[in-house]
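Asks: Here's a sequence, model it:
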Amino acid sequence: ALRLSYLLSGGHNPAILDQLLHLQLEATVLEKGTAGLRRGRRMAPAVPAESPGTGTHGLDAALLAVELENRRLEDELLALKVRRERRTDAGSRAALRHTEELARLQAEVGMLRCHAEQTRPWLHPPVFAPPLPP
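Replies: As a prediction, this is how the structure comes out:
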């Protein structure tokens, strides 16, 4: 939950993500270890404890490592999606600002043309040339 919150709030520092992943790994190992101890105590009379050479612990560790890697990759995907959405939002906001600025500038150019035509009538040639004296 902490890692997800960090990613959703825009965090993307690889060192912090690694720390969060390491903390999650430690918490998972502690939870599994505690749950295993509780199960072992309850089941001890009925089922003998496995010897360390059976390889079950190695499989559990490998499975845990794969699960953690999957979670890390999912978090990375989520971070990429969040960044892409932010870029898209930023791009659309920038496009909107540019469109508004273009409309404002076009209106200003139109007003300046109008003003120039009204204040400088000598720039336009007369429609009818005056008759030349003989």
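
Asks: show me where pLDDT drops low in the chain?
Replies: Within the chain, the set of residues satisfying pLDDT under 70 comprises 34-55, 120-130.

Asks: Which residue ranges of it form strands?
Replies: For the chain, applying DSSP state E gives no strands.

Asks: Packing partners of the helix ranked longest in it?
Replies: Using DSSP state H to assign secondary structure, the helix with the most residues in the chain is helix 56-119. Packed against helix 56-119 by the contact rule (3 or more C-beta pairs under 8 Å, 6 or more residues apart in numbering; DSSP states H and E) you find helix 2-8, helix 14-43. Where you see a C-beta, it was placed from the backbone N, CA and C, and this is true even at glycine.

Asks: Distance of residue 111 relative to residue 103?
Replies: Computed as C-beta to C-beta, to the nearest Å, the residue 111 to residue 103 distance reads 13 Å.

Asks: sorry, that was for residue 20
Replies: According to C-beta to C-beta, residue 20 and residue 103 sit 46 Å apart.

Asks: In terms of packing, which of those two has more residues around it?
Replies: Relative neighbour count places residue 20 above the other of residue 20 and residue 103, with 20 against 10, counting by other C-beta atoms under 10 Å.
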